[in-house]
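Asks: generate coordinates for the sequence data below:
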Amino acid sequence: MSKLLKRVVASLLLPAGLLVSACGEGPEAPAEVQAPQTEVSPELFDLVARWSQETAPSEARRSAAAAAPVDLVSYVKQHAPQLAPEAQQLHQQLVRASATGSEERTAMAGCSCNVLAAISANPSVSTPESEGFRDMRAWPNRSDVKEEFQWNITAEGAAHAGSMYRYHYHGESGHSRDRQHYTRLRTQLACVDGAGLACSGSCSARMYPFVEYGTRVYAYGDTNGVWDKAAHTSVADGVVLEYTPPSGAAATQKLFDKLGAVSHFASQSAFNIEEVANLVKSALDIVAIIKTGDYTQISGDLISRIIRSFAGLVSRSGTNGSTSQDMYANFDAARVGAYTLEYSSSSAQVHTLELTSHIAVKNRGWGGKNTGTGRFSSSYVMAVAFDNFQCSTGVTPPARLGLWRYATIDGTPHPQATLQQLAQDFFRVAYGLSINAQGSSGQFTF
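Replies: Take a look at the predicted model:
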């Protein structure tokens with residue numbers, strides 16, 4: 001078969017927009033195939049972990065008095081019948097992989113492993129929220145007021161965008177809102193034999209995550225001239241990325257932990273942004289530093305962005321107008337080290353990556369006409385590669401795997417094209433692979 005024909009056949013086997021090829025010159029890489037079912041529902045993911053712990057072969061279960069082993073599908077039917085179709089699909093895939101194996105891996109049939117991932121988010125889909133009021137009565141005397149307030153936010157996982165607008169004529173008004181969102185990735189190795197029973201073998205892999213978060217915060221204040229009146233607006237957006245190893249292992253690690261904040265006031269007195277920043281700090285334990293190890297390994301572009309973020313962490317102005325700031329946080333395991341996933345007959349290991357963002361906005365003013373607006377918009381990308389599989393004799397390891405997810409909302413410093421490029425660059429630099437991450441989520445084998 002010619003090289004051109006092979007590429008055509010490989011492209012037909014892949015989902016649209018998921019063409020993968022090896023970069024550089026040299027011998028032709030093996031044709032890639034459609035990725036196995038890696039992402040499963042969070043509910044099925046939990047049951048697979050419980051099943052592995054409760055039914056995997058062990059010395060205690062090898063005695064004649066031990067209960068008969070339970071296959072994965074039967075276990076799911078027993079505990080959550082509504083998940084049986086999804087479990088059956090996963091079982092068929094694992095058994096098929098065990099039967100066919102791989103010429104390159106030369107593993108014996110009978111036990112095969114697969115990387116399982118569950119991605120949960122709050123909110124799981126793009127979700128808008130809005131509230132507001134308008135009281136614009138005609139005022140015959142100065143005791144009557146005019147007031148308008150509007151709060152809008154849309155969130156998808158850890159990404160969020162929105163604004164707070166406040167207008168007041170005479171008297172004092174103030175509003176504040178804060179929201180917390182997250183995207184959580186959990187992963188484990190699952191190994192079964194041809195009957196769908198937990199294997200007695202072992203397998204390990206290396207997990208390389210890449211995560212970047214970007215946000216743009218904006219504050220505006222206007223008093224139509226400063227004369228015994230004021231308008232204060234402050235916005236703070238904090239983000240934390242945490243890695244939680246399997247239960248009983250080391251403590252949770254903070255991979256980055258950062259805050260971006262702006263404050264704009266139009267008055268003759270200062271306004272303390274710490275009121276808002278402390279709210280975010282207390283929720284996310286912000287220390288305004290990225291903990292990614294050796295900074296000499298960070299690219300020049302990222303260093304310049306970090307410097308800009310720290311330099312503009314808290315910005316103030318004493319005149320009518322606006323202040324804005326971009327903030328970035330980044331973690332790349334290909335640069336600072338990977339994590340080891342393991343499967344054994346005595347335990348199941350679940351690894352968790354969680355990206356949590358917290359936005360807080362405060363808007364306050366008094367005196368004559370005073371207006372304030374706070375805006376924010378953030379986005380994220382999360383990509384993970386699984387490589388270096390080492391399995392015991394008779395166990396078929398999975399193919400090397402990559403997956404990604406990102407979300408963005410209009411106005412962020414990371415538009416969708418940038419997030420797509422960041423995901424593609426991670427796989428290209430780390431593995432020499434050229435992929436098309438045009439969808440907000442996807443996976444491939446290599």
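
Asks: can we go C-alpha only for contacts and neighbour counts from here?
Replies: OK.

Asks: now the helices for the stretch 201-350 of the chain?
Replies: Under the criterion DSSP state H, counting those that start in this stretch, the stretch 201-350 of the chain contains helices at 274-284, 300-311, 333-336.

Asks: what are the buried residues along the shortest one?
Replies: In terms of neighbour count (16 or more other Cα atoms under 10 Å), helix 333-336 has its buried residues at 333, 334.

Asks: now that helix - C-alpha only, CSV.
Replies: Provided in CSV are the C-alpha atoms of helix 333-336 (Å, rounded to 0.1, in the frame of the first residue of the first chain):
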residue,chain,number,x,y,z
ALA,A,333,4.6,19.0,33.3
ALA,A,334,6.7,18.4,30.2
ARG,A,335,9.0,21.1,31.7
VAL,A,336,8.8,20.3,35.4
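
Asks: please work out the average pLDDT along it.
Replies: The pLDDT scores in helix 333-336 average 80.

Asks: other SSEs contacting that helix?
Replies: Contacts defined by 3 or more Cα pairs under 8 Å, 6 or more residues apart in numbering; DSSP states H and E place helix 333-336 against strand 203-222.

Asks: pull the CA atoms of the strand it packs on into CSV?
Replies: Written as CSV, here are the backbone C-alpha positions of strand 203-222 (Å, rounded to 0.1, in the frame of the first residue of the first chain):
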residue,chain,number,x,y,z
CYS,A,203,0.6,-1.6,34.7
SER,A,204,1.9,1.9,35.0
ALA,A,205,2.0,5.0,32.9
ARG,A,206,3.3,8.6,33.1
MET,A,207,0.9,11.5,33.0
TYR,A,208,2.0,14.9,31.6
PRO,A,209,-0.6,17.7,32.2
PHE,A,210,-0.5,21.1,30.7
VAL,A,211,-2.8,23.9,32.0
GLU,A,212,-3.0,27.6,31.3
TYR,A,213,-5.5,30.1,32.6
GLY,A,214,-5.9,33.7,31.5
THR,A,215,-8.1,36.5,32.7
ARG,A,216,-8.8,40.2,31.9
VAL,A,217,-10.3,42.4,34.6
TYR,A,218,-11.5,45.9,34.1
ALA,A,219,-12.8,48.6,36.4
TYR,A,220,-14.4,52.0,35.5
GLY,A,221,-15.5,54.9,37.7
ASP,A,222,-17.1,58.2,36.7
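
Asks: so in that sheet, which strands flank it, and in what orientation?
Replies: With DSSP bridges as the test, strand 203-222 is paired with strand 321-332 (antiparallel), strand 339-344 (antiparallel), strand 369-391 (antiparallel).

Asks: next one: it to chain centre, how far?
Replies: Centroid separation for strand 203-222 versus its chain: 7 Å, with Cα atoms, centre = their mean, to the nearest Å.

Asks: so where's this protein shaky on pLDDT?
Replies: By pLDDT under 70, the low-scoring segments of the chain are 1-37, 56-68, 96-109, 137-145, 225-228, 248-249, 267-318, 347-348.

Asks: just give me the residue closest to the centre of it.
Replies: Centroid check for the chain by Cα atoms, centre = their mean gives residue 183 as the closest residue, at 4.3 Å.

Asks: for that residue, phi and psi?
Replies: According to degrees, to the nearest 10, the main-chain angles of residue 183 amount to phi -130, psi 130.

Asks: so it sits against residue 122, correct?
Replies: Yes - if you go by Cα atoms under 8 Å, residue 183 and residue 122 touch, sitting 6.7 Å apart.

Asks: tell me, what's touching those two both at once?
Replies: Residues touching both residue 183 and residue 122 (Cα atoms under 8 Å, 6 or more residues apart in numbering): 157, 158.

Asks: just to revisit the earlier point, for the residue nearest to the centre of the chain, which non-adjacent residue is spatially closest?
Replies: Setting aside the residues directly before and after it, residue 183 is nearest to residue 121 in space (Cα to Cα, 6 or more residues apart in numbering), at 4.3 Å.
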